[in-house]
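Asker: All I have is the shape, not the residue letters:
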């Protein structure tokens, strides 16, 4: 399963599908996960001064192809935080659609007093809970994480989800440790995500 | 710094950014006009017994406009432009910055906690007038405290549109009152005595008037907080800050002057003393001309505006504390946030605990909520702001002395020097007149203890910064950069065993 899909499942309740994070943090985290997917395909390269994009045929996945196209369409380099803000505006809905197409989420409509409430709910609780369970298990057993899991663990700490999961008590684990062995572009991406989430806490809007 | 229009990213992000009016309205929320006149200035008349507050408002307004010239200019060149201590650490060095940070945390805390006193008194008075209930101030204060605490932890910001409507209603009713007061002068003639320098420049009282007035303007400095979120950081912030300041000067000066006209300049002190404890002088006067309903509407708006200011200051303190904790200047545990709410939970809880302790101590000791809680603590908070303003304008001068950064001589030199000279003089006058302001004897130790708290904190901050310089150079380098200083280091791979705070 792609990184952004797994991170979506981690950031949402495995039963109700409600977000476990503040709306802005979900956006930043999922935007970072999409950029990480492109990064692993060697299509983008986040750096402090800007997110560089490689001219290449679009990836097969429709959502990634669209994001890749958006990056290519920009006449100038933009810093990672701007891309996180820009992609974060729609990332949650975009990834929910991709997960629905993959059969992992379903759109449930509930009739309310005023209108109809539409929400994405996991099809299978076990499948939805799996990414978080897998990673915390490996962290607890002090096993090495595979690259996608290491990125996911980094994003969990960057978005503050580690508080919700009570991962902070895992000995010797911190964002800096988990991302230390990643390549610089991914480290920058995750550190920028953490900064964007924290700045969201410190500002009013 | 607008990017070419062909960029979908730039135009999408620009649409989310704030204009001048939004930024100014955030600043004005903290400076509720009815509360400033009905609470702060009326209490000033009652305690300091000087008529000339309207002239004091014009003088402070002019000084703050001069201050704003350099303040806004420097905000364009530094990161974390929202906080006085950033200016001070980047202008006067990091030790001074840490000292200023501690002073700022105490000031804003005192301003917030002082509001519980006037909230209890004003709401109690309103409930008495409307329903005949007689409820102790501290019960009401605790209800307000509980609401503030819940809103702070869950980060439910009061809806900005609701706040704007309330602010608009407040300004409208204040202007109506002003017209009525000016149309019905007490002695049969409209007197300008309130603007007569002889009624302000009174030895032993001038400093007290100045600090009370500065307290009324607190909140005007909020504009640069939004520089990263504003449409055009050069123009938006300057326009919002000067605009907000102009509205404050106009409304405060007009309203305080028309109050002296309504009572007659010679009676304003006696009338204020009579009504201060219920914070209802404006409404009592308005009621005699406009009827009870018009007075009650104003009274309700006073209560809502105090509440909005309480929540606003609470969130300001929490964010300030959070930024400092992330920087490592305060304990890192205070940087803990709520994942779901996106609120600075630990900092918010700390502020609430302080508020609860103060309310409890005042309730148990039976101290006066208006004079001893609202006025003493609130004005001491305002004195802290005055000190920060003075230090910041010196910091602006020093900062631009090292590098002009394309600013002209008026912006980087003349205006900030004039502002600094005035603000330092005002701070010195305040220290001299602290006893008058608190209405205590010159020999009463409280007259030195309250302003002395800042000296202690400034020294503690400077010493702490010097310790950090030796023990944690990386942290020391980040001082003044706020949230960004706490970013995880990505320059080189950290060894697996090293524990780096997140």
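Answerer: Cool, the structure landed. Computed from a prediction, not measured in an experiment: that's the story for all the values here. Numbering: from 1, shown residues only, chains lettered A, B, ... in the order given.
Asker: Which residues are in contact with the residue of chain B found nearest chain A?
Answerer: When scored by C-beta to the nearest C-beta, chain B has residue B:342 as its residue closest to chain A, at 3.1 Å. (Each C-beta comes from the backbone N, C-alpha and C, glycine too.) Going by C-beta atoms under 8 Å, 6 or more residues apart in numbering or on different chains, residue B:342 touches A:21-25, A:197, A:200-201, B:155.
Asker: can you list contacts of stretch A:137-148?
Answerer: Contact with stretch A:137-148 is made by A:3, A:6, A:40, A:135, A:149, A:153, A:167, A:170, A:173, A:178, A:182, as judged by C-beta under 8 Å, 6+ apart.
Asker: Just the terminal-to-terminal distance for that stretch.
Answerer: Counting by C-alpha to C-alpha, to the nearest Å, you get 15 Å between the two ends of stretch A:137-148.
Asker: Run the chain-centre distance for that stretch.
Answerer: 18 Å (C-alpha atoms, centre = their mean, to the nearest Å).
Asker: all helices for chain A, in order.
Answerer: A:3-11, A:23-40, A:62-73, A:80-88, A:91-101, A:125-140, A:147-158, A:161-164, A:175-179, A:184-202 (DSSP state H).
Asker: Turn these into a markdown table, columns for mean pLDDT.
Answerer: A markdown table is the format used below for the helices of chain A (pLDDT from 0 to 100):
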| stretch | mean pLDDT |
| --- | --- |
| helix A:3-11 | 97 |
| helix A:23-40 | 96 |
| helix A:62-73 | 95 |
| helix A:80-88 | 94 |
| helix A:91-101 | 96 |
| helix A:125-140 | 92 |
| helix A:147-158 | 93 |
| helix A:161-164 | 86 |
| helix A:175-179 | 79 |
| helix A:184-202 | 91 |
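Asker: So, low pLDDT: which residues of the stretch 251-400 of chain B?
Answerer: The model of the stretch 251-400 of chain B has no residue with pLDDT under 70.
Asker: Run through the residues of it sitting next to chain A.
Answerer: B:315, B:319, B:322-323, B:326, B:335-344 (C-beta under 8 Å from any C-beta of the partner chain).
Asker: switch to 10 Å and redo it
Answerer: By C-beta under 10 Å from any C-beta of the partner chain, the residues of the stretch 251-400 of chain B that approach chain A are B:312, B:315-316, B:318-320, B:322-323, B:326, B:335-345, B:347.
Asker: burial count for residue A:142?
Answerer: Counted with other C-beta atoms under 10 Å in any protein chain shown, residues neighbouring residue A:142 total 10.
Asker: Next: residue B:79.
Answerer: 15.
Asker: and it, which of the three is it?
Answerer: At residue B:79 the chain is in coil, as set by DSSP: H, G, I helix; E, B strand; the rest coil.
Asker: list the contacts for the closest residue to it other than its chain neighbours?
Answerer: Nearest residue to residue B:79, sequence neighbours excluded (C-beta to C-beta, 6 or more residues apart in numbering or on different chains): residue B:481, at 5.5 Å. With contacts defined as C-beta atoms under 10 Å, 6 or more residues apart in numbering or on different chains, residue B:481 is in contact with B:78-80, B:86, B:89-90, B:323, B:326-327, B:487.
Asker: The contacts of stretch A:137-148: which two are farthest apart?
Answerer: Farthest-apart pair in those is A:40 and A:170; separation 25.0 Å (C-beta to C-beta).
Asker: State which one residue of chain A is found closest to chain B.
Answerer: For chain A, C-beta to the nearest C-beta, closest residue to chain B: residue A:22, 3.1 Å.
Asker: neighbours of that residue, just the number please.
Answerer: Neighbour number of residue A:22 under other C-beta under 10 Å is 22.
Asker: and if you look at the one 4 residues further on?
Answerer: Applying other C-beta under 10 Å, we find 25 other residues in the vicinity of residue A:26.
Asker: same thing with residue B:353?
Answerer: 11.
Asker: ok so it is a strand residue?
Answerer: No. Counting by three-state DSSP, residue B:353 falls outside a strand, being helix.
Asker: can you put the contacts of stretch A:137-148 in JSON lines and add distance to residue B:180 and neighbour count?
Answerer: Listed next are the contacts of stretch A:137-148 as JSON lines, based on distance: C-beta to C-beta, whole Å; neighbours: other C-beta atoms under 10 Å in any protein chain shown:
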{"residue": "A:3", "distance to residue B:180": "66", "neighbour count": "23"}
{"residue": "A:6", "distance to residue B:180": "66", "neighbour count": "24"}
{"residue": "A:40", "distance to residue B:180": "71", "neighbour count": "16"}
{"residue": "A:135", "distance to residue B:180": "68", "neighbour count": "23"}
{"residue": "A:149", "distance to residue B:180": "71", "neighbour count": "19"}
{"residue": "A:153", "distance to residue B:180": "66", "neighbour count": "25"}
{"residue": "A:167", "distance to residue B:180": "63", "neighbour count": "18"}
{"residue": "A:170", "distance to residue B:180": "67", "neighbour count": "15"}
{"residue": "A:173", "distance to residue B:180": "67", "neighbour count": "20"}
{"residue": "A:178", "distance to residue B:180": "66", "neighbour count": "26"}
{"residue": "A:182", "distance to residue B:180": "69", "neighbour count": "20"}
